[in-house]
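Colleague: What follows is a protein structure lacking sequence information:
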C-alpha cells in the first residue's frame with residue numbers, strides 16, 4: 001500500500017542551512033521507462049553537505065530532494081521493461097537525465113552528456129521513502145551485498161573511474177592520493193587492487209583520524225600536506241624524481257600545486273576532487289615535466305558492473321568507511337558528523353522508522 005505523501009530531505013532554497021525534512025507528494029505516475037524504487041539505503045555525500053551549507057560549485061534546481069548514492073527494491077515497473085521485476089534488489093546510477101543522442105550518449109560516455117542532470121541537484125533524489133528512476137540506470141544487486149554497503153556503490157564507481165580507468169597504474173607504481181575523504185580512501189583501496197607498489201595518502205592535521213584509517217586500509221605512508229618538508233619525503237621514494245601517479249581527491253584547487261610537485265616527469269595527475277577556488281600559482285611544472293593532467297567525472301555502465309562484482313566478491317569493502325546508519329529523521333546528525341570530520345561516511349536508511 002503506497003501513501004499519497006512521504007517524508008524526504010529537501011534542499012529548498014540556495015541559502016546556508018536551507019535543508020529540512022518535509023512531507024512531500026508521493027512520486028507521480030511513471031512515464032516511459034521510469035521505475036519506482038522503495039529506497040533502502042542512501043549514502044550522504046560531501047556534495048549533499050556542501051548543498052546544506054550552500055558552498056556547492058554547481059547549479060542546483062531547488063527545491064530538490066537530496067541523495068544520489070542509493071539502492072532499493074523495485075516497487076513498480078512500466079509495462080514492457082525487460083530485465084527487472086517488482087521485488088528486485090537494485091542500485092542506481094546518477095545520470096538521471098541525458099539527451100540520448102549526442103556523441104557521448106551514443107558512445108557510452110553519457111556521464112559527459114552536456115545535458116546531463118543528476119539526482120539530488122538536477123532532479124529529485126533518494127533521501128525519501130520512494131524515488132522514480134530511469135530503467136537504464138538500474139543494476140541488479142546480489143543478495144550478498146547489504147543495502148548499507150550498496151549505498152556506497154556510487155562513490156566506489158567514482159573512485160574506480162579515477163583510479164582504474166583515467167589513471168594507468170602498473171604493478172609496482174608509486175602513487176600519491178591527496179585527500180583522505182571517502183573518494184580518496186576508496187581510490188586507495190582500488191590503487192592496491194590495481195597493483196600499486198607504494199601508496200601515500202596526504203591530508204591535513206585535522207584529518208588525523210582519517211589518515212589513521214588510510215594506514216589500516218593499506219597505505220604505506222600518510223603525510224600532512226601543509227608541511228613543506230613532507231614533499232621531500234614523497235620525492236625520495238624510488239629513484240628520487242617523483243611518483244608515477246597522483247590522484248587528487250581533495251575539495252580544494254590548491255592541492256594541484258602539491259600534485260605537480262610530487263609527480264615525476266611524464267607522470268600522471270588525475271583530479272577527481274571539486275574545488276571552486278582560483279589556482280593562484282603557476283602550472284609551468286605541468287609543461288616542464290610533460291605531465292598528463294586529466295579530470296575524472298562520474299562513471300558509466302561498465303564501471304558499475306565491475307564495481308558490483310568487486311563488492312559481491314568482497315575484494316572491495318567500503319563498509320569500513322561507514323560511521324553510522326540512521327533513519328531519515330536523523331539526517332542532520334549524519335550531515336553534521338561528516339562536516340566536522342567525525343565520520344568519513346554515513347548512510348540513511350529510509351525504510352527504518
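Modeller: Received the coordinates, thanks. This is a predicted model, so every value here is computed, not measured.
Colleague: quick one, helices of the stretch 51-200 of the chain?
Modeller: 103-106, 147-150, 153-160, 182-194 (DSSP state H, counting those that start in this stretch).
Colleague: With respect to burial, which of those scores highest?
Modeller: Greatest average neighbour count among these goes to helix 153-160 (a mean of 26), per mean count of other C-beta atoms under 10 Å. Backbone N, C-alpha and C define where each C-beta goes, glycine included.
Colleague: Contacts only, for the closest residue to residue 268 other than its chain neighbours.
Modeller: Using C-beta to C-beta, 6 or more residues apart in numbering and skipping residues adjacent in sequence, the residue nearest residue 268 is residue 245, 4.4 Å away. Counting by C-beta atoms under 8 Å, 6 or more residues apart in numbering, residue 245 touches 167-169, 173-176, 263, 267-270.
Colleague: So which helix or strand of the protein has the lowest pLDDT on average?
Modeller: With mean pLDDT, DSSP states H and E as the measure, the helix or strand of the chain carrying the lowest mean pLDDT is helix 229-235 (a mean of 81).
Colleague: Sort out which residues of that one are buried, please.
Modeller: Within helix 229-235, the residues scored as buried using 16 or more other C-beta atoms under 10 Å are 230-231, 234-235.
Colleague: list the contacts for the residue nearest to the spatial centre of the chain?
Modeller: Closest residue to the average C-alpha location of the chain: residue 155 at 2.9 Å, with C-alpha atoms, centre = their mean. By C-beta under 8 Å, 6+ apart, the contact set of residue 155 is 43, 45, 69, 182-183, 186, 318, 345.
Colleague: got a list of what the closest residue to it other than its chain neighbours touches?
Modeller: Leaving aside its chain neighbours, residue 155 sits nearest to residue 182 (5.3 Å; criterion: C-beta to C-beta, 6+ apart). Contacts for residue 182 (C-beta under 8 Å, 6+ apart) come out as 45-46, 152, 155, 321, 344-345.
Colleague: Give me the pLDDT for residue 182.
Modeller: Model confidence at residue 182, given as pLDDT, is 96.
Colleague: and residue 314, how many neighbours?
Modeller: The number of residues packed near residue 314 is 9, by other C-beta atoms under 10 Å.
Colleague: Please disregard the earlier target; I meant residue 32.
Modeller: Other residues near residue 32 come to 10 when the count uses other C-beta under 10 Å.
Colleague: Out of the buried residues of helix 229-235, flag the one nearest to residue 10.
Modeller: Looking at those and their distance to residue 10, the nearest is residue 230, at 42.5 Å (C-beta to C-beta).
Colleague: Would you quantify the distance from that closest one to residue 191?
Modeller: Look at residue 230 and residue 191: by C-beta to C-beta, to the nearest Å, they are 19 Å apart.
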